[in-house]
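Visitor: one predicted model, sequence on top.
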Amino acid sequence: MLELLTRTTPVEDIPDPLPLLDPADPLLWWRDGEGMLGLGRAVTLTFSGPERFTQARRVWAALLGAAERHGATPAVGGGLAALGTFAFDDAMSRPSVLIVPSLLITRRGGRTWATRIVDRARVTPPDDPGLTGRIPLPDPDQARAELDRLEADRIRADVARLVAEAAPLPDQPGVPLVADDGARHAAAVTRALERIDAGTARKIVLARPAHATLPAGHDLRVTLARLAAAYPDCWTFAVDGFIGASPETLVAVRGGHVRARVLAGTRPVGATDDPGRPDLLDDPKERAEHDLAARSVIDALAPHVRDLRADGPHVITLPNVRHLATDVTAELAERLDSLGLAAALHPTAAVAGVPREAALIAIHELEPEDRGRYAGPVGWIDALGDGEWAIGLRSAQRIGDTLTAWAGGGIVAGSDPAREVAETDAKLRPVRDALAD
Ligand SMILES: C=C(O[C@@H]1C=C(C(=O)O)C=C[C@H]1O)C(=O)O
């Protein structure tokens, strides 16, 4: 069994840690100047199939049980945590992973911590200086405190050196994100509408891909920095080549408090609407679509929580789209970690449909490619089981030199194929703009 040895210490504040990231394999969870990032990988755990969440939770619990943790505990996250990305559904080609970085940097409320994580088997014991028995042993508590200080000093010095040596992010030539003309998506929407008319489903969320070819040496940090700057209210993430800036919190758990944000019902920003079309908040079609998504989250949370409150829908405005949003809060009523709750919720009707099974069949039959991790949970879990999980939207997966982005929308009775294509174009914008000059 893998035994992790971890040590956490406060370090000098790092307001902009993105330059510290690995340009080819960044590990990031960031929103509005706060979050966590990882350097190096201490452990990569891989899961697949219908048991991927159960397996991941079991392995994470075992890893925690065998870990020896030292040092301070940051207020939120850090200490010992894994960043994770999970495939959208059971049959997807991309593996689901939990990654424990070798160095985890956490920033909250203007304070920064660093956690060094090593595999105990790789720690070489110091050479026996041959002094045992010849000098008087110090008081064990005093010796431990001294050792703690030394180890913490070493982490602080390592982090200070990394910060001093980090070069500013380079200028990077733009890369086009190429999507087809949308005719294929419009046809898929029409077929989804036929199924809805026939009563097979009430809502089906359909998505379309877009591709970019990355030149050798493409620096993903630049793309992430642009996403984070343009979408400060979204979760900017990077885990195992899956990057994006998601506005939708699948579930966040902290000290028993549960939060979720459901988004469904969308208008592109800047689109000129047909005269007479009701505004987003007053549009019965958008409200019906939203209610299905909010209901799916409330129903899936209800067995696990008490004091559930749903506030919405209200409108949130991002640079590219406006969404109907419902914010949900609750208190955990059982011992369940954040990943367990994410698994209970996923896939919500915001990204699959209603009923779920019929929608998933339609997605498999009508979408041109495997979604991989798009619209799956992405986030982190810590040693307490707390964590934040977003829905992996406004996202793209890098595989070799190809980056594949996805964007979709909910189809309900009354949806219009051309408008749905325009909505996916607007939802591709975060990744498209972040890749451009
Ligand atoms: C499916 C996506 O977004 C989801 C679908 C929405 C909708 O249909 O209105 C809105 C927000 C998301 O829950 C996407 O961004 O690709």
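Guide: Arrived safely. Numbering: from 1, shown residues only.

Visitor: buried residues, the particular helix or strand that has G265 in it. List them.
Guide: Element membership for G265, per DSSP states H and E: strand 257-268. For strand 257-268, the neighbour count (16 or more other Cβ atoms under 10 Å) marks 258, 260-268 as buried. Using the backbone N, CA and C atoms, a C-beta is placed for each residue, glycine as well.

Visitor: could I get the residues you listed as TSV with pLDDT?
Guide: What follows is the buried residues of strand 257-268, written out as TSV (pLDDT from 0 to 100):
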residue	pLDDT
V258	98
A260	98
R261	98
V262	98
L263	98
A264	97
G265	97
T266	97
R267	95
P268	95
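
Visitor: the residues you listed also near the ligand: which ones?
Guide: 263-266 (Cβ under 6 Å from any ligand atom).

Visitor: so what's P50 up against?
Guide: D90 (Cβ atoms under 8 Å, 6 or more residues apart in numbering).

Visitor: give me the distance between it and the ligand.
Guide: As defined by Cβ to the nearest ligand atom, to the nearest Å, P50 lies at a distance of 22 Å from the ligand.

Visitor: low-scoring pLDDT stretches of the stretch 151-300 of the chain, where are they?
Guide: For the stretch 151-300 of the chain, applying pLDDT under 70 flags the ranges 272-273.

Visitor: tell me which element the nearest residue to A396 once chain neighbours are set aside falls in.
Guide: Distances taken as Cβ to Cβ, 6 or more residues apart in numbering place A405 nearest to A396, at 3.8 Å, with adjacent residues excluded. For A405, the element it lies in under DSSP H and E is strand 402-411.

Visitor: check contacts around the residue positioned nearest the centre of the chain.
Guide: Centre of the chain computed as the mean C-alpha position; nearest residue by Cα atoms, centre = their mean is V378, 2.9 Å away. Residues counted as contacts of V378 (Cβ under 8 Å, 6+ apart) are 84-86, 235, 237, 239, 242, 244, 246, 389-392, 395.

Visitor: mind doing that once more with 7 Å?
Guide: 84-85, 237, 239, 242, 389-390, 392 (Cβ atoms under 7 Å, 6 or more residues apart in numbering).

Visitor: can you list the residues of the stretch 201-350 of the chain near the ligand?
Guide: So far as Cβ under 6 Å from any ligand atom goes, the stretch 201-350 of the chain lies against the ligand at 205, 207, 248, 263-266, 323, 350.

Visitor: T326: which element?
Guide: T326 belongs to strand 321-332, assigned by DSSP H and E.

Visitor: can you redo the ones next to the ligand among the buried residues of strand 257-268 as CSV with distance to D283?
Guide: Shown next, in CSV, are those (distance: Cβ to Cβ, whole Å):
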residue, distance to D283
L263, 15
A264, 12
G265, 7
T266, 11
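
Visitor: so the residue lying closest to T73 once chain neighbours are set aside: helix, strand or coil?
Guide: Distances taken as Cβ to Cβ, 6+ apart place G79 nearest to T73, at 5.2 Å, with adjacent residues excluded. Secondary structure for G79, judged by DSSP: H, G, I helix; E, B strand; the rest coil, is coil.

Visitor: can you list contacts of the strand holding G265?
Guide: Contacts of strand 257-268 (Cβ under 7 Å, 6+ apart): 247-252, 280, 286-287, 289-290, 293-294, 297, 301, 305, 313, 320-332, 341, 348, 350, 409-410, 422-423, 426.

Visitor: which of these count as buried?
Guide: Here, 16+ other Cβ under 10 Å leaves 247-252, 280, 286-287, 289-290, 293-294, 297, 301, 305, 313, 320-328, 330, 332, 341, 348, 350, 409-410, 422-423, 426 buried among the contacts of strand 257-268.
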